[in-house]
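Novice: Sequence and predicted structure below; questions after.
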Amino acid sequence: MIEIILLPLISARVGTEVKFMNSITLLQNFELDKMSASVEPKKLNEIFNGAMRRIIEVKLYNNNSLSKHKTKEPITVFCLSGKGIFRAGKDLEDEQDLQAGTLITLEAEVEHEVSAEPELHLLVTKFKAE
C-alpha cells in the first residue's frame with residue numbers, strides 16, 4: 001500500500017556547502033523551480049549516509065525510469081520537481097502520480113518502479129534498522 005502526503009512547494013537555491021552545527025547539519029539547498037537539461041537518462045547522488053538513514057537524490061530525464069526493484073529498508077519518496085508515476089506491489093498494481101510536493105512512504109521489500117513524465121527530481125530516504 002502507498003501512503004501519500006501532499007506538502008506545499010518550498011523555494012530554495014542550489015548550494016553544495018555542508019554546514020555543521022551542534023544539532024543541525026545542513027546537507028544541501030535544492031533548486032525546486034526547474035530541472036537542468038541533461039544528456040544522461042538519470043542521475044543518482046548520495047547526499048547522506050548515516051547510521052540510521054541514507055538520503056539519495058534521483059533525477060530522471062527524457063521519460064526515463066528506474067525499473068522494478070525493492071529495498072531492504074522502508075523508504076520515503078519526496079518529489080522536488082517535475083512529474084511522474086510511482087508504481088508499487090508485486091504486479092505494480094498500486095499507482096501514484098508524482099508532482100512537486102508529493103510525499104509517499106513504502107515499507108521494506110515492496111517492489112516498485114518510478115517513471116518520469118518527462119522529467120522528475122526526487123529525494124529518497126532509506127531508513128536503516130538499528
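Specialist: Yep, that arrived.
Novice: Relative to Ile55, how far out is the residue of the chain most remote from its centre?
Specialist: Distance from the C-alpha centroid of the chain, by Cα atoms, centre = their mean, peaks at Asn22 (27.0 Å). According to Cβ to Cβ, to the nearest Å, Asn22 stands 21 Å off from Ile55. Backbone N, C-alpha and C define where each C-beta goes, glycine included.
Novice: Give me the below-cutoff pLDDT ranges for this protein.
Specialist: 1-21, 32-38 (pLDDT under 70).
Novice: any idea where the strands of it begin and end?
Specialist: 3-6, 19-20, 25-26, 42-49, 53-60, 65-69, 75-88, 94-99, 102-106, 112-127 (DSSP state E).
Novice: okay, those in CSV with mean neighbour count next?
Specialist: Shown next, in CSV, are those (neighbours: other Cβ atoms under 10 Å):
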stretch, mean neighbour count
strand 3-6, 11
strand 19-20, 8
strand 25-26, 11
strand 42-49, 12
strand 53-60, 19
strand 65-69, 13
strand 75-88, 20
strand 94-99, 16
strand 102-106, 19
strand 112-127, 20
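Novice: For the nearest residue to Asp97 once chain neighbours are set aside, list the residues it contacts.
Specialist: On the basis of Cβ to Cβ, 6 or more residues apart in numbering, the spatially nearest residue to Asp97 that is not a chain neighbour turns out to be Ile85, at 6.1 Å. By Cβ atoms under 8 Å, 6 or more residues apart in numbering, Ile85 lies in contact with Glu95, Gln96, Asp97, Leu98, Val114, Ser115, Glu117.
Novice: next one: Glu107
Specialist: Counted by Cβ under 8 Å, 6+ apart, Glu107 has contacts Pro74.
Novice: roughly how far out does stretch 114-130 sit from the chain middle?
Specialist: Distance of stretch 114-130 from the chain centroid (Cα atoms, centre = their mean, to the nearest Å) equals 2 Å.
Novice: same question, stretch 94-110
Specialist: The answer for stretch 94-110 is 9 Å, by Cα atoms, centre = their mean.
Novice: Quote the end-to-end distance of that stretch.
Specialist: Terminal residues of stretch 94-110 are spaced 11 Å apart (Cα to Cα, to the nearest Å).
Novice: Pull stretch 70-90 out as CSV, backbone CA atoms only.
Specialist: What follows is stretch 70-90, C-alpha atoms only, in CSV (Å, rounded to 0.1, in the frame of the first residue of the first chain):
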residue,chain,number,x,y,z
LYS,A,70,12.8,-3.4,-3.9
THR,A,71,14.8,-2.2,-0.9
LYS,A,72,15.6,-3.9,2.4
GLU,A,73,14.6,-0.8,4.2
PRO,A,74,11.4,1.3,4.4
ILE,A,75,11.6,4.4,2.3
THR,A,76,10.1,7.8,1.8
VAL,A,77,10.0,9.5,-1.7
PHE,A,78,9.6,13.2,-1.9
CYS,A,79,9.0,14.8,-5.3
LEU,A,80,11.0,18.1,-5.5
SER,A,81,10.0,19.0,-9.1
GLY,A,82,8.7,17.5,-12.3
LYS,A,83,6.0,14.9,-12.9
GLY,A,84,6.0,11.1,-13.0
ILE,A,85,4.4,7.9,-11.8
PHE,A,86,5.3,5.7,-8.9
ARG,A,87,4.1,2.1,-9.0
ALA,A,88,4.3,-0.5,-6.3
GLY,A,89,3.2,-4.0,-5.4
LYS,A,90,4.1,-7.5,-6.7
